[in-house]
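Q: Generate coordinates for the sequence data below:
(4 chains)
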There are 2 protein chains.
Amino acid sequence: MPTLTAAGIEPLFRLLSRYMPLDEEDREALSALETGPICTRDARTDIAREGENPTVIRLLVSGWACRYKDLPDGRRQIVGFFLPGDFCDLNIYILSELDHSIGALTQARFYEIQPQQFQEVIDQRPHLIRALLWHEMVSAGIQREWLLSIGQRSPLERLSHLFVELYYRLRAVGLATGMSFDLPITQNHLAEANGLSVVHLNRTLQEMRREELIELSDRQLRINDIERLKQIAMFNSNYLHFNRQ
Amino acid sequence: MPTLTAAGIEPLFRLLSRYMPLDEEDREALSALETGPICTRDARTDIAREGENPTVIRLLVSGWACRYKDLPDGRRQIVGFFLPGDFCDLNIYILSELDHSIGALTQARFYEIQPQQFQEVIDQRPHLIRALLWHEMVSAGIQREWLLSIGQRSPLERLSHLFVELYYRLRAVGLATGMSFDLPITQNHLAEANGLSVVHLNRTLQEMRREELIELSDRQLRINDIERLKQIAMFNSNYLHFNRQ
DNA sequence: CCGATTGCCTAATCTGGGTTAGTGTTTCCT
DNA sequence: AGGAAACACTAACCCAGATTAGGCAATCGG
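A: Residues are numbered from 1 along each chain as shown, chains lettered A, B, ... in the order given. Presented below is the predicted three-dimensional model:
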């Protein structure tokens, strides 16, 4: 189970470090989040459903999950991926009802953090609020970029863009070695995230392999020519806000 | 100039009141935001460009604006509408660079608020932070709903959904009287927001008129049968989080 | 061990919606 | 008043991508 090896707050720590330098005391404060219960969900099961009133903040430590919205007739749109190190519902302080669902795409492990426990970490290291808000703002930026992708980019451009984004995000949490990374989700998931049918998504993958942009097999994605990929996708990394201030 | 009559913080006050009860002192504190310079932009001009480093928070008081992203080859996606009462860049505290542009769709008037001036309002009435964060979280929720729309809903469903959303949002700031409201933007803008060509957007409008769902002329939109519209759009208002806690 | 499930892939068909190329109307500018 | 934009709308063409209907390989469960 390679996707289950990464664990603890290490990915989160790396992620937040991209935004502001964190010291040993920050790491210790954040480690307090690990003391809560750790939960496991099987692939293809829901972690939370739209309409629920969430009472915990979830920190994903291994596996992939997603935010999705669905329509009464069954159509489904994945509106975002959660990778290890991501918080799922930081907005719990403000919103009383989930307007979307959260599902595990692979087997997933996460901490369930009580708001009060969370508060203690912030009381201890108040400047961490900025890092956590940054996490939320970046999510919103990714959301906007996806809207641009689905609204304007062609399927090939769209998929290229997604792969580059995932590469950068996984690298930020130490889950991309060289130009390869684990892509543990199905083509169905990719289709649902890109607003395409599985069939057409598959065709697009074939094309990318044919053009030798990527190699994909055994849930391992290898990017052969990231510059060309970025050019096709018209990728501009500014929306990930990885620059330290 | 009917779209320019509404002004001041009245729309903002109404908007935030949907989330938490605000008293006279809150209103006074918020009124301090009106003391800054008021700016005017003509229709079809940019208020801010992607890549810029914003130094002010903008509060739209009259007219419509939008967030948009564009690609090097000219394709453009409107990712959100700003209506009177909306803040344009609350995230200025966290992000150093805009990952999208902001454009005036009609003639627009807004206050430019210095972060420091903003801080004073918050220092005076700290509980307003929740209301402002709520404003941001709702924006993110709308963003997700749009992704669902563009990814999964048909053009007819998509447009129906947008009209219902606009109706609710405008009503919240006192800009919808009865079942009609001012829709001061062009079909081109509607197309860009929905990921459609102008031609097809126009076809879809025709269909909605033919089905007697709406009447649209002279920039006035009238919703004839909101229940049927909501049913077609599979509209669920939860994402607007209008419920008081 | 075998049957069932899940995921990947291909081929054939068909239609939704893009593209292009117009016309007519209103508003704005000087 | 007269010309130029901007905007709304229509028609004809056609292709990208959805839909449907499979087959094949790998994995899982009993």
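Q: which parts of the longest helix along chain A are buried?
A: Longest helix in chain A, counting residues (DSSP state H): helix A:128-152. For helix A:128-152, the neighbour count (16 or more other Cβ atoms under 10 Å in any protein chain shown) marks A:128, A:131-152 as buried. Placement of C-beta: from N, CA and C, glycine included.
Q: before we move on, what about stretch A:27-39?
A: So for stretch A:27-39, counting by 16+ other Cβ under 10 Å, buried means A:R27, A:A29, A:L30, A:L33, A:G36.
Q: restrict the buried residues of helix A:128-152 to contacts with chain B.
A: Restricting the buried residues of helix A:128-152 to those near chain B by Cβ under 8 Å from any Cβ of the partner chain leaves A:133-134, A:136-137, A:139-141, A:143-148, A:150-152.
Q: Report whether stretch A:68-84 contacts DNA strand D.
A: No: judged by Cβ under 7 Å from any atom of the strand, stretch A:68-84 and DNA strand D are separated, with a smallest distance of 8.5 Å.
Q: which one among the ones next to chain B among the buried residues of helix A:128-152 gets closest to B:R219?
A: A:G151 (24.1 Å; Cβ to Cβ).
Q: and A:S17, how many neighbours?
A: Counted with other Cβ atoms under 10 Å in any protein chain shown, residues neighbouring A:S17 total 15.
Q: before we move on, back to that, would you mark the buried spots in the helix or strand just after the longest helix of chain A?
A: Per DSSP states H and E, the first helix or strand lying C-terminal to helix A:128-152 is helix A:155-172. Buried residues in helix A:155-172, counted by 16+ other Cβ under 10 Å: A:155-167, A:169-172.
Q: again, but for stretch A:13-28
A: Of the residues in stretch A:13-28, A:F13, A:R14, A:L15, A:L16, A:R18, A:Y19, A:L22, A:D26, A:R27 count as buried by neighbour count, 16+ other Cβ under 10 Å.
Q: now it, how far from the chain's geometric center?
A: 19 Å (Cα atoms, centre = their mean, to the nearest Å).
Q: of all the ones next to chain B among the buried residues of helix A:128-152, which comes closest to A:I102?
A: A:S139 (12.9 Å).
Q: what sits against that closest one?
A: For A:S139, the contact set (Cβ atoms under 8 Å, 6 or more residues apart in numbering or on different chains) comprises A:G80, B:A140.
Q: The closest residue to DNA strand D within chain A: which element?
A: The minimum distance from chain A to DNA strand D, using Cβ to the nearest atom of the strand, falls at A:H200 (2.9 Å). According to DSSP H and E, A:H200 maps onto helix A:198-210.
Q: Is there proximity between that helix and chain B?
A: No: counting by Cβ under 8 Å from any Cβ, chain B has no neighbours in helix A:198-210; the shortest distance is 12.8 Å.
Q: So is the longest helix of chain A next to DNA strand C?
A: No: for helix A:128-152, no contact with DNA strand C is found by Cβ under 7 Å from any atom of the strand; the gap never falls below 9.2 Å.
Q: relative to helix B:128-152, how tilted is that helix?
A: In terms of direction (axes from the mean of the first three to the mean of the last three Cα atoms, to 10 degrees), helix A:128-152 departs from helix B:128-152 by 30 degrees.
Q: And the helices in chain A?
A: A:10-17, A:24-31, A:115-124, A:128-152, A:155-172, A:187-194, A:198-210, A:226-233.
Q: Run through the bridge partners of A:F81.
A: According to DSSP bridges, the residues that bridge with A:F81 are A:C66.
Q: show me the contacts for it.
A: A:W64, A:A65, A:C66, A:L105, A:L166, A:A193.
Q: ok, back up a step: distance to B:M234 and mean pLDDT added to the helices of chain A, as TSV?
A: Listed next are the helices of chain A as TSV, based on distance: least, Cβ to Cβ, whole Å; pLDDT from 0 to 100:
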stretch	distance to B:M234	mean pLDDT
helix A:10-17	35	95
helix A:24-31	40	95
helix A:115-124	32	95
helix A:128-152	18	96
helix A:155-172	24	96
helix A:187-194	17	95
helix A:198-210	22	93
helix A:226-233	31	96
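Q: Of all those helices, which one is nearest B:S217?
A: helix A:128-152 (27.1 Å).
Q: Does at least one residue of the closest one sit close to DNA strand D?
A: No: Helix A:128-152 lies apart from DNA strand D when judged by Cβ under 7 Å from any atom of the strand; the minimum separation is 10.1 Å.
Q: do the same with stretch A:229-245
A: No: on the criterion Cβ under 7 Å from any atom of the strand, stretch A:229-245 is out of touch with DNA strand D, staying 13.4 Å away.
Q: Can you mark which positions in that stretch are buried?
A: In stretch A:229-245, counting by 16+ other Cβ under 10 Å, buried: A:L229, A:K230, A:I232, A:A233, A:M234, A:F235, A:N236, A:N238, A:Y239, A:L240, A:H241.
Q: Please save the CA atoms from it in PDB.
A: The C-alpha trace of stretch A:229-245 is given here as PDB (Å, rounded to 0.1, in the frame of the first residue of the first chain):
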ATOM      1  CA  LEU A 229       2.800  20.000 -21.000                       C
ATOM      2  CA  LYS A 230       2.700  23.400 -19.300                       C
ATOM      3  CA  GLN A 231       2.700  25.100 -22.700                       C
ATOM      4  CA  ILE A 232      -0.200  23.000 -23.900                       C
ATOM      5  CA  ALA A 233      -2.100  23.700 -20.700                       C
ATOM      6  CA  MET A 234      -1.200  27.400 -20.700                       C
ATOM      7  CA  PHE A 235      -0.100  26.700 -17.100                       C
ATOM      8  CA  ASN A 236       0.600  29.700 -14.900                       C
ATOM      9  CA  SER A 237       1.600  28.600 -11.400                       C
ATOM     10  CA  ASN A 238       0.600  31.900  -9.800                       C
ATOM     11  CA  TYR A 239      -2.700  30.500  -8.600                       C
ATOM     12  CA  LEU A 240      -1.000  28.000  -6.300                       C
ATOM     13  CA  HIS A 241       0.600  31.000  -4.400                       C
ATOM     14  CA  PHE A 242       3.700  29.000  -3.500                       C
ATOM     15  CA  ASN A 243       5.800  32.100  -3.300                       C
ATOM     16  CA  ARG A 244       7.100  32.900   0.200                       C
ATOM     17  CA  GLN A 245       6.400  36.500   1.200                       C
END
